[in-house]
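K.L.:
Any chance you can model this:
(one chain, ligands or ions: 1)
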Amino acid sequence: VTVLGVPLALRARLGRALDRLGLLDRLFWLRARLGLGDLAVMTYHRVGRPGDVGELDPGLVEVEPAELEAQLAVIRTHCTIVSLSDVRRIDRGKRLPPNPVLITFDDGYRDNHDVALPILRRAGVPATFFIPTAFPDAGKLFWWDRVWLFMRRCRLDRVDLDYPQPLVLQPASAPEEAARLVCQAIKRTPGVDHGRLWEALEQRTLVSLGRDEERALAARTIMGWSRVQALRDAGMDVQSHSHEHLVLNTLTPDAARQDLLRSSQTLREALGQDIYGVAYPVGYAVGGALRWAPANARFELGFTNCTGLCRVGDFDPLNVPRISMSLETLGAAYKMQLLFGDRAQAPVTMLPPVAPVASAGPPRA
Ligand SMILES: [Zn+2]
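P.N.:
Residues are numbered from 1 along each chain as shown. The predicted structure follows:
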């Protein structure tokens, strides 16, 4: 893995060496003195321990509680926390304070409320939470968590999937790889029909997930509206992460616009507040005709992910870059992310659509 051409392991070693010499702290100081206003927007998903996610996707756990506390301490020492409304005003000439940082959480996992909120409050750090509005209290799992659960439960050595893409999976021996392949196909296939996808997965993996079980799992892992409101009441900002959490680049611009409109309406009704910010699901940049979708749904700010620091002098409000976190982003590595960002995201490439196949087996109710 490389970031800006530098292998990640080398970058980590370099970061630790510079930090031991106190040079990273000096760089924060120097940047503040020079008034270099590059904004670091940090993206978190789940807070916890990867071993605690059960059969769901462990990759969403990017920080343990104690480490989040340590990261917030670094920010309080060297940087200035800004709010989403500060970022909204960049376009109108707002100058940001020294070493500005915006903390964001995507997806609305319940640990955002139960684990992260108390830590943020103790540190006096306000954050922005982006909620995919079809999920609170809906009793359904996110598609990636569902894929992981299916792959971990499947006992078959080989599964041949023809939808959303032709894939050969080995769930029994390599469930992680199987889940990764299916999730990647979902992210890259235009117009994925999720109903057809789940039907295909159930038929081929021989795994089924009952309604009651899914409802219980979702209630344990995803915030309901009362928790989302509690975040807002605690002084946190709550904005949109689309409605269905579909990758916008796989939708037509009009379907993307409708999904975004539905999300902002749902949030307005639930919270009675101004909705103007969206974090794009999966975080690909919006270009071409797709830019029209968030703009037409009256979003003023749109956030991508894995896209590095936000250069305020070159500000695109509908493609605000963010920096992704991982469990390795500790200590010096965290400071390096704040100072230099990551920009590790590869450009989006869509897979060609798959020809429809005749469904095997009897129709389902
Ligand atoms: Zn997301």
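K.L.:
Spell out which residues of the stretch 251-365 of the chain are next to the ion.
P.N.:
Contacts of the stretch 251-365 of the chain with the ion, taken as C-beta under 5 Å from the ion, map to residue 281. Backbone N, C-alpha and C define where each C-beta goes, glycine included.
K.L.:
Now do the helices in the stretch 251-365 of the chain.
P.N.:
Taking DSSP state H, counting those that start in this stretch as the test, the helices found in the stretch 251-365 of the chain are 253-271, 292-296, 331-340.
K.L.:
Can you add mean pLDDT and distance to residue 31 and give those back as a markdown table?
P.N.:
Converted to a markdown table, those look like this (pLDDT from 0 to 100; distance: least, C-beta to C-beta, whole Å):
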| stretch | mean pLDDT | distance to residue 31 |
| --- | --- | --- |
| helix 253-271 | 97 | 35 |
| helix 292-296 | 96 | 30 |
| helix 331-340 | 92 | 7 |
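K.L.:
any idea how far the residue nearest to residue 256 when sequence neighbours are not counted lies from residue 309?
P.N.:
Once flanking residues are discounted, residue 256 sits nearest to residue 293: 3.8 Å by C-beta to C-beta, 6 or more residues apart in numbering. Per C-beta to C-beta, to the nearest Å, residue 293 is found 25 Å from residue 309.
K.L.:
Would you mind telling me which of those two has the busier surroundings?
P.N.:
A count of neighbours by other C-beta atoms under 10 Å puts residue 293 above the other of residue 293 and residue 309, at 26 against 19.
K.L.:
what residues are up against the more buried one?
P.N.:
248, 253, 254, 256, 257, 260, 286 (C-beta atoms under 8 Å, 6 or more residues apart in numbering).
K.L.:
what's the answer for residue 350, then?
P.N.:
In this structure, residue 350 makes contact with 188, 189, 190, 249, 250, judged by C-beta under 8 Å, 6+ apart.
K.L.:
10 Å instead, please
P.N.:
Shown in contact with residue 350 (C-beta atoms under 10 Å, 6 or more residues apart in numbering): 187, 188, 189, 190, 247, 249, 250.
K.L.:
How about residue 107?
P.N.:
Contacts of residue 107 were listed using C-beta under 10 Å, 6+ apart, and they are 44-46, 60, 129-132, 135, 142, 144-145, 221-223, 241, 245, 279, 281.
K.L.:
Residue 181: neighbour count?
P.N.:
For residue 181, the number of neighbouring residues by other C-beta under 10 Å comes to 19.
K.L.:
I'd like to know how far it sits from the ion.
P.N.:
19 Å (C-beta to the ion, to the nearest Å).
K.L.:
what residues does the stretch 101-250 of the chain put near the ion?
P.N.:
Checking the stretch 101-250 of the chain against the ion by C-beta under 5 Å from the ion, the hits are 106, 107.
K.L.:
isn't there a strand covering residue 104?
P.N.:
Yes. According to DSSP: H, G, I helix; E, B strand; the rest coil, residue 104 belongs to a strand.
K.L.:
how much space between it and residue 289?
P.N.:
Distance from residue 104 to residue 289, counting by C-beta to C-beta: 26 Å.
K.L.:
The stretch 51-200 of the chain: helices as residue ranges?
P.N.:
According to DSSP H, counting those that start in this stretch, the helices that the stretch 51-200 of the chain contains are 65-78, 84-88, 110-111, 117-123, 143-153, 175-188, 194-205.
K.L.:
Give me the pLDDT for residue 348.
P.N.:
pLDDT for residue 348: 63.
K.L.:
remind me which residues of the stretch 201-350 of the chain are low pLDDT?
P.N.:
Counting by pLDDT under 70, the stretch 201-350 of the chain contains low-confidence ranges at 343-349.
K.L.:
which stretches of it form strands?
P.N.:
Assigned by DSSP state E, counting those that start in this stretch, the strands in the stretch 201-350 of the chain fall at 237-240, 277-279, 301-303, 323-324.
K.L.:
Ok, which of those strands comes nearest residue 24?
P.N.:
strand 323-324 (15.4 Å; C-beta to C-beta).
K.L.:
The residue of the stretch 201-350 of the chain found nearest the ion: how many residues sit nearby?
P.N.:
Residue nearest to the ion within the stretch 201-350 of the chain (C-beta to the ion): residue 281, separated by 5.0 Å. Residue 281 has 25 neighbouring residues, counting by other C-beta under 10 Å.
K.L.:
For the closest residue in space to it that isn't next to it in sequence, give me phi and psi.
P.N.:
Once flanking residues are discounted, residue 281 sits nearest to residue 245: 4.5 Å by C-beta to C-beta, 6+ apart. When quoted as degrees, to the nearest 10, the phi and psi of residue 245 stand at phi 60, psi 40.
K.L.:
Please name the residues that touch residue 245.
P.N.:
Residues near residue 245 by C-beta under 10 Å, 6+ apart: 106-108, 131-135, 142-144, 259, 263, 281-282.
K.L.:
In those residues, find the pair that's most separated.
P.N.:
144 and 263 (18.4 Å).
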